[in-house]
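Chemist: A structural model of the following input is requested.
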Amino acid sequence: MSCQEQEVLLKINGVPVHWDGECIEYIGEMTCCADGAPNCYGPKSPPALDYLGNAGSPETGWWGVVTDDSGDPYVQGFLPEDAHPYPGLYISCTAYGHYEYPQYDCRCWVDARKIRYSVIPSTVRMAVEPKFLGCQAQIIDKHSGKELNCVCAEIGPSTHMGEASIAVCKYFGLSGDPKDGGSSDKKRWQYRFWPGQAAKGWKLI
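Modeler: So this is what the prediction gives:
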């Protein structure tokens with residue numbers, strides 16, 4: 001898959017985001033994202049994969065975990081094991097949801113440990129009309145030429161170029177630790193998205 005001749009849609013920290021009417025393309029790093037993994041976030045004990053601060057806080061509000069009616073992170077342990085596999089930890093959510101399951105069921109969310117997904121910056125998502133969540137995506141390692149077709153399942157910070165799931169990082173031979181894994185090389189990773197075109201086995205939402 002490839003993109004056609006493109007125009008610059010916008011720039012993020014000076015880095016151009018290209019758009020040809022069908023395909024978004026940009027170059028960035030590869031921050032390792034654990035969102036959606038049922039052991040991603042939690043209190044100090046039991047240990048979780050990522051820093052809780054990456055899911056929000058009581059002061060700023062929570063964006064990376066499911067909350068209860070009081071606005072506090074919902075704690076696993078009240079449903080069967082397949083829905084709550086890590087009692088005591090919170091339920092990490094993703095922008096994409098499998099809504100045949102309720103939000104308090106970990107299976108509702110896209111597990112970063114198992115699913116190869118790419119993350120779209122929120123500014124890019126808002127800049128074009130077609131839907132990104134569930135769309136076809138591709139990541140290319142410019143060092144090796146290795147390619148991966150995947151799905152867009154998460155939305156990232158507006159100024160951050162380059163983020164993908166634990167499973168993607170491991171596919172490219174990188175550490176899958178969200179605290180210090182991935183790659184900080186901002187010129188190595190080429191990201192492509194086809195908003196409005198569903199990835200195989202996924203639906204657009």
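
Chemist: all strands of this structure, in order?
Modeler: Secondary structure of the chain (DSSP state E): strands located at 7-12, 15-19, 24-28, 31-33, 56-57, 61-62, 117-121, 135-141, 147-156, 163-165, 189-198.

Chemist: neighbouring contacts of the first one?
Modeler: By CB atoms under 8 Å, 6 or more residues apart in numbering, the list of residues contacting strand 7-12 from outside reads 16-20, 24, 26, 121, 123-124, 127-128, 158-161. Quick note: C-beta positions are derived from backbone N, CA and C, even for glycine.

Chemist: Name all residues that make contact with the spatially closest residue to Cys3 that is not a sequence neighbour.
Modeler: Leaving out its chain neighbours, the residue that sits closest to Cys3 by CB to CB, 6 or more residues apart in numbering is Cys23, at 3.8 Å. For Cys23, the contact set (CB under 8 Å, 6+ apart) comprises Cys3, Gln4, Gln6, Arg192, Phe193, Trp194.

Chemist: try it again with 10 Å
Modeler: Cys23 makes contacts with Met1, Ser2, Cys3, Gln4, Gln6, Gln136, Gln138, Arg192, Phe193, Trp194, Pro195, Gln197, as judged by CB atoms under 10 Å, 6 or more residues apart in numbering.

Chemist: Of those, select the buried ones using a PyMOL command.
Modeler: To isolate the buried members of these in PyMOL, using 16 or more other CB atoms under 10 Å:
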select buried, resi 3+6+136+138+192+193+194+195+197
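
Chemist: Ile166 touches Val119, doesn't it?
Modeler: No: counting by CB atoms under 10 Å, Ile166 does not reach Val119; the two are 11.9 Å apart.

Chemist: Done for today, thanks.
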